[in-house]
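# I would like the atomic coordinates for the input below:
(2 chains)
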Amino acid sequence: MSALRDGTILRAFDARVAARFGSLPEERVSDPQVRLLSNGDTALAVEFGERIDRATSERVLALHDRLARAALAGVVELLPTFRSLMVHYDPLRTSRAELARRIEPLLAGLEAVQPATRRWTIPVCYDPAFALDLDEVAARTGLTPAEVVEHHSTTTYHVYMIGFLPGYPYMGDLPARLALPRRENPRTQVAAGSVAIATTLSAVYTLQSPGGWHILGRTPASLWSRRRNPPAVLAPGDKVRFAPIRMDEFERLAKRAEAGELELEAWDA
Amino acid sequence: MTGALQVVASSSICMLQDLGRYGQQRYGVPVSGALDTVSLRIANAVVGNPDGSAALEMFYRGPTLEVAAGSVRVAAIGAALEVIAAGGAGRTVPAGQSVRLARGDRLTVGPCDTTLVAYLAVEGGFALPGDLGSLSTFARAGLGGIDGRPLKKGDLLPLAAANVPARAERRAPKWDLAPPARVRVVFGPQDDHFADRARQTLVESAYTVSRQSDRMGMRLEGPVLEHAKGFNIVSDGTAPGSIQVPGNGLPIVLLADRPTTGGYPKIATVASADVPALGRLRPGATIGFEAVGVEDAEAARRELEARLAALRTGLETIRRSR
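Numbering: from 1, shown residues only, chains lettered A, B, ... in the order given. A predicted model of the protein is given here:
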């Protein structure tokens, strides 16, 4: 199905991406020691590791899926992060001990959990007008700007978590060729829609904000709106591809987005 | 017929806050809500509202409001109310006491007695739609309140009740808003990222509340907490009262507008019973910590809730309103 309700421009691209999703290798889930870490008396972190990797994330998301279904008494909300599942709870309706008792049996066989996966295609204009750091990234990685765009836009990203800003997706992993530390001098203002990279990750600035990531382009799509519920388009566990668009296409889509007529849609692989 | 409170003179920052916006943290939306949820709840109790009704949160001193409704009943916590009747006569209504005001009356809250914030609750609450299930204002993302921002001169705050019946006014029983001498904390989740003596330093030192504090976090000045494994962690979730320690070793206690995730190690977390008191601390105030177990923190919270429940049933009746 179409990635953009707006039109047809990305259909061919979708088919290409879908073909690639079909050939993604199975992630093998390792079995690191799980730790239950108290965050005071209102949150318990179920920690699967201390690294950013897909295997850890898959376990976090699998437990998220299980706990969301289990709807344990006193659990207020669940927040998946790179390496742990944060369980926010009401200490008047449950307790750390009670929660631990209920969560522990749910940790077995997480590999078998297959949360439904949503896939998105996000249009990005890599025009120099938006790509403030493209030349610098190219210089520092020894690639041409076109190669940087090629690497960035032919990768399938996994949304590890949403944080920093409302709706701000931490997505990985970048091709190793593009991995750079954050900018030494963060910008005081980064425009909403900016698509950026740092370390092994890529993200989209959902609001105008200070920021220290390298900006490669801009999307006309709004990944955050307070008028939607949920307000963020992306959720942890989603898969994302970036589709390069030209400036004229950006302008056309931006107008539609402004009118509230550009809705990204998830599609099935 | 609808009624409103109109902002006729603005003050320091004043925003609508309730008990927070839950259920959106996994989308990166901070919970927000009142810094001092205990004061908010007491103010609501005095005017007969549910705990979670939105009220005005103001720093040091509130705006001047004019009643553009038949009548309205209000109560402030943390500061007295100054009322100027439409006829010109002024009077002071003590903190914790409700008062019924008529069209054209003006009121202002403050200055705060001892706290950083004061709350003004109105009977019936405000008739605003809110965002994502809450009226709490989170200005950075334009959520809640009026157009997602602090109040400004000329704003009309629509009231759910445009008229309130005359009845005996109420007063909250005495409630000590002084912060605890030692704020209770539960160590973790990353206390193992610090040098051995850091835990001891945290609970044995006096810290000063920095002027750099805001609704996101209370920055503390005092002895440095030394990291053992560097000051970056792979980001994980934060909780109300998380004590994160960035590279300079100075703790930041995360408050209502805390980001949902963070990349600094968190040495400890303030017990939920003591988080509301943090919201009362002014820059320059001294704060100390005491380590407790999570079961102690849970018990402290139950005790706080029992006291608040007793307050609700123990409201004192003071006199017939006009």
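# show me the contacts for residue B:7.
B:63-65, B:151-157 (Cβ atoms under 8 Å, 6 or more residues apart in numbering or on different chains). C-beta: built from backbone N, CA, C; applies to glycine.
# residues in contact with residue A:213?
By Cβ under 8 Å, 6+ apart, the residues touching residue A:213 are A:182-183, A:190, A:196-198, A:203.
# returning to what we had before: among the contacts of residue B:7, which pair sits farthest apart?
B:64 and B:156 (14.0 Å; Cβ to Cβ).
# neighbour-wise, which of the two wins?
Taking neighbours as other Cβ atoms under 10 Å in any protein chain shown, residue B:64 and residue B:156 compare with residue B:64 leading, 18 against 14.
# report the beta-bridge partners for the more buried one.
Residue B:64 has these beta-bridge partners by DSSP bridges: residue B:9, residue B:108.
# isn't it right next to residue B:9, touching?
Yes. Taking Cβ atoms under 8 Å as the definition, residue B:64 is a contact partner of residue B:9 at 4.0 Å.
# tell me, what's touching those two both at once?
Counting by Cβ under 8 Å, 6+ apart, the residues touching both residue B:64 and residue B:9 are residue B:108.
# quick one, which of the contacts of residue B:7 are buried?
B:63-65, B:151, B:155, B:157 (16 or more other Cβ atoms under 10 Å in any protein chain shown).
# nearest residue to the residue nearest the centre of chain A other than its sequence neighbours?
Compute the mean C-alpha point of chain A, and by Cα atoms, centre = their mean the closest residue is residue A:159, 2.6 Å away. Nearest non-adjacent residue to residue A:159, counting by Cβ to Cβ, 6 or more residues apart in numbering or on different chains: residue A:238, 4.4 Å away.
# same check on residue B:40?
Residue B:40's closest residue in space is residue B:34 (Cβ to Cβ, 6+ apart), at 4.0 Å.
# run a quick neighbour tally on the one you found.
Residue B:34: 27 neighbours (other Cβ under 10 Å).
# for residue B:145, see how far away residue A:200 is.
Residue A:200 sits 38 Å away from residue B:145, going by Cβ to Cβ, to the nearest Å.
# more crowded one of these two?
Neighbour count, other Cβ under 10 Å: between residue A:200 and residue B:145, residue B:145 has more, with 29 against 17.
# that older thread, can you redo the contacts of residue B:7 as a markdown table with pLDDT?
As requested, those are exported to a markdown table (pLDDT from 0 to 100):
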| residue | pLDDT |
| --- | --- |
| B:63 | 96 |
| B:64 | 97 |
| B:65 | 98 |
| B:151 | 97 |
| B:152 | 96 |
| B:153 | 97 |
| B:154 | 97 |
| B:155 | 97 |
| B:156 | 97 |
| B:157 | 98 |
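# which residues of the chain fall in helices?
No chain in the question, so chain A it is. A:11-22, A:54-70, A:96-103, A:134-141, A:145-153, A:247-258 (DSSP state H).
# not quite, go with chain B.
B:37-46, B:196-204, B:275-278, B:294-313.
# determine which stretch of those is the most buried.
helix B:37-46 (a mean of 26; mean count of other Cβ atoms under 10 Å in any protein chain shown).
# from the contact counts, what lies against that one?
Applying 3 or more Cβ pairs under 8 Å, 6 or more residues apart in numbering or on different chains; DSSP states H and E, we find helix B:37-46 packed against strand B:55-59, strand B:71-77, strand B:117-122, helix B:275-278, helix B:294-313.
# residues in contact with the second one?
The list of residues contacting strand B:71-77 from outside it, by Cβ under 8 Å, 6+ apart, reads B:3, B:5, B:39-40, B:42-43, B:46-47, B:62, B:81, B:93, B:95-103, B:107, B:109, B:118-123, B:159, B:161, B:163-164, B:166, B:169-170, B:172, B:177.
# parallel or antiparallel, list what pairs with that strand.
Per DSSP bridges, strand B:71-77 is paired in its sheet with strand B:98-102 (antiparallel), strand B:117-122 (antiparallel).
# tell me where chain A has strands.
For chain A, the strands defined by DSSP state E cover A:35-39, A:43-47, A:75-80, A:84-89, A:119-125, A:157-162, A:169-172, A:187-190, A:194-198, A:201-204, A:209-211, A:214-218, A:239-245.
# now do the fifth one and helix A:247-258, the angle between them.
Orientation check (axes from the mean of the first three to the mean of the last three Cα atoms, to 10 degrees): strand A:119-125 against helix A:247-258 gives 120 degrees.
# name the helices or strands packed onto strand A:119-125?
Of the remaining helices and strands, those touching strand A:119-125 by 3+ Cβ pairs under 8 Å, 6+ apart are helix A:11-22, strand A:214-218, strand A:239-245, helix A:247-258.
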